[in-house]
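Asks: Show me the folded form of this:
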Amino acid sequence: MRRFAMTAAALMAACFTLSATAQVVVTIGHSAPLTGPQAPNGKDNENGARLAIDELNKAGVTVAGQKVTFKLDSEDDQADPKIGVQVAQKLVDSGVVAVVGPYNSGVAIPASRVYNTGNVPMLPVASNPALTKQGFRNIFRIGASDEQLGGTMGQFAAKTLKAKTAAVIDDRTAYGQGVAEQFTKVAKANGIQIIDQEFTSSSATDFLGILTNIKSKNPDVIFFGGYAAQGAPMAKQMRQRGLRAKLLGGDGICSADMGKVAGDAASIVYCAQGGIALEKTAAGREFLEKYKAAYNIDTQVYAVSYYDGVKLLADAMVKAGTTTDKAKLTAQLAKENYKGVAGTYSFDEYGDLKGAPTTVYTIKNGLPVPYGQ
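Replies: Below is the predicted model:
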């Protein structure tokens, strides 16, 4: 009996030790187009988030005395607002602590209402200014807004390209309209005359009719508010129609996929991305090398933002001392000043990134390269 009593006591002590050191599993949600024409961008974002999670788990993160294991619940919103809302409800119901994404403004705006109701912090790169003007306190945009992206290209067209006239095309999505409107506003303020405005859809691939109309007006530049899936064939068809204009756009066309599909025609493209040029910093170069080693492909646009976003969330959890209290996590995110690879993340009263840097790129050898490099 004495031997049994000692064994039982040892078992109880062992169980207590195991419970004290048990890992807490924290699931972060991810919403993006993982299928369809925008899948390269969605998978790129997912890869960035997974790379951060792998590093956090290898390093070991402790929150309020408990070791944390991070997991990613990645969902395909297909760049469709209705599906994006369904994905948002699924992630909220499953108990994710926060969400990185959505990627598309047209998805992020309606989905944000679900995340707000569920008190789930969301970290999107979706750039339409309306997203953060809804009065919600759970949104923290980890990329530049349309005001910054479109505005940068408006100034670039006027001051660097010395453009006097421009035509504007947008794909009627929340993103495309938003970035085109901001380009138009800043271009006009810098003396550029908008001589034509055309519209297309986010599924179109034939722009010959639109381009024929534009060619007759002979603009110096064409600004396209949309994504690479449309921007790449547009660039090729501009070449076919013999347009002399340069093709300008925001981050939606500023990707390796743009260069891959457009081929030689990508040489007429100038585009803006949020963040600093990764090639110009040691941390940026290290990230690009790690990403290539992990996935054997080059980054598209925002993998680094999602990488930084996940690590920002981990930093906020450590500082807030919780992995479950979303109110405390949201409050901590609002006062973060986190130095990531792509820049420093701190947010204004609306949840927009303070002083979000933007970089203008051209496409060389199939890849975005900072202008002038």
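
Asks: C-alpha only now, for contacts and for neighbours.
Replies: Will do.

Asks: now the residue nearest the centre of the chain, what's its secondary structure?
Replies: The residue lying closest to the centre of the chain (CA atoms, centre = their mean) is residue 125, at 3.4 Å. Classification of residue 125 using DSSP: H, G, I helix; E, B strand; the rest coil returns coil.

Asks: Nearest residue to it in space, please, no chain neighbours.
Replies: Spatial nearest neighbour of residue 125, chain neighbours left out: residue 143 (4.7 Å); criterion: CA to CA, 6 or more residues apart in numbering.

Asks: Could you point out which residue ranges in the stretch 151-300 of the chain have low pLDDT?
Replies: When residues are selected by pLDDT under 70, none of them lie in the stretch 151-300 of the chain.

Asks: the strands in it, which residues?
Replies: With strands called from DSSP state E, counting those that start in this stretch, the stretch 151-300 of the chain shows them at 165-170, 193-199, 221-225, 246-249, 269-274.

Asks: can you put those strands in a markdown table and add mean neighbour count and distance to residue 294?
Replies: Formatted as a markdown table, the strands of the stretch 151-300 of the chain follow (neighbours: other CA atoms under 10 Å; distance: least, CA to CA, whole Å):
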| stretch | mean neighbour count | distance to residue 294 |
| --- | --- | --- |
| strand 165-170 | 24 | 35 |
| strand 193-199 | 16 | 39 |
| strand 221-225 | 29 | 32 |
| strand 246-249 | 27 | 29 |
| strand 269-274 | 27 | 23 |
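
Asks: between these, which one is nearest to residue 361?
Replies: Residue 361 lies closest to strand 269-274 among those, at 5.3 Å (CA to CA).

Asks: Tell me how far the longest strand that the chain contains lies from the chain's centre.
Replies: Longest strand in the chain, counting residues (DSSP state E): strand 66-76. Counting by CA atoms, centre = their mean, to the nearest Å, strand 66-76 is centred 19 Å from the centre of its parent chain.

Asks: I'd like the mean pLDDT over the helix or strand just after that strand, please.
Replies: Once the chain leaves strand 66-76, the next helix or strand it forms, by DSSP states H and E, is helix 81-94. The predicted model gives helix 81-94 an average pLDDT of 98.

Asks: do the same with stretch 304-314
Replies: Mean predicted confidence for stretch 304-314 is 97.

Asks: ditto for stretch 105-114
Replies: 97.

Asks: Per the annotation, how does the chain divide into domains?
Replies: Here the domain parsing of the chain from automatic domain parsing is 11-144+281-342, 146-274+360-370.

Asks: List just the one of those that sits closest to residue 354.
Replies: domain 11-144+281-342 (9.1 Å).

Asks: Helices along the stretch 201-350 of the chain, start to end?
Replies: In the stretch 201-350 of the chain, the helices defined using DSSP state H, counting those that start in this stretch lie at 208-215, 228-241, 256-262, 282-295, 303-320, 326-334.
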